[in-house]
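Q: For reference, the sequence and a predicted model appear below.
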Amino acid sequence: MFEQLTQYNDVGLLLLRLAVAAIFIYHGLPKLKNAKSMAPMMGVPAEAISVLGAVELLSSVGLIFSVLTQLAALLLGIIMIGAIWMKI
């Protein structure tokens, strides 16, 4: 039974990468567009927010097209650790 399911491994990983990329694109674009208005409420300079949005967007594109996927995932993981740290 499980041998038949292994043929869908690649499709499952593709769908997972696309879902994660869509989430980070959705949250990265406003950081690029509205960095100056987001800076006071986040307590960091507007340039840092722009860099953060650019890294989110470029890493998401890397996940979608499978270009440097491990590096893109590492960068997005670091961003999420920083987001958790800011939330705490």
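A: In hand now; what should we look at?

Q: Let me see the contact set for the residue sitting nearest the centre point of the chain.
A: With distances taken as CA atoms, centre = their mean, F24 lies nearest the centre of the chain, 3.8 Å away. By CB atoms under 8 Å, 6 or more residues apart in numbering, the contact list for F24 reads E56, L57, S59, S60, L63, L76. C-beta here means a position set from N, CA and C on the backbone, and glycine is covered the same way.

Q: Tell me where this protein has helices.
A: 2-5, 9-33, 35-42, 46-65, 69-87 (DSSP state H).

Q: Deepest in the core, which of those is it.
A: Of all the helices of the chain, helix 46-65 has the most neighbours on average by mean count of other CB atoms under 10 Å, namely a mean of 18.

Q: so where's the protein shaky on pLDDT?
A: 1 (pLDDT under 70).

Q: swap the cut-off to 80 and go again
A: 1-5, 8, 35, 38-44, 86-88 (pLDDT under 80).

Q: one step back: report the separation between the residue nearest to the centre of the chain and N9.
A: 23 Å (CB to CB, to the nearest Å).

Q: now G43
A: 43 Å.
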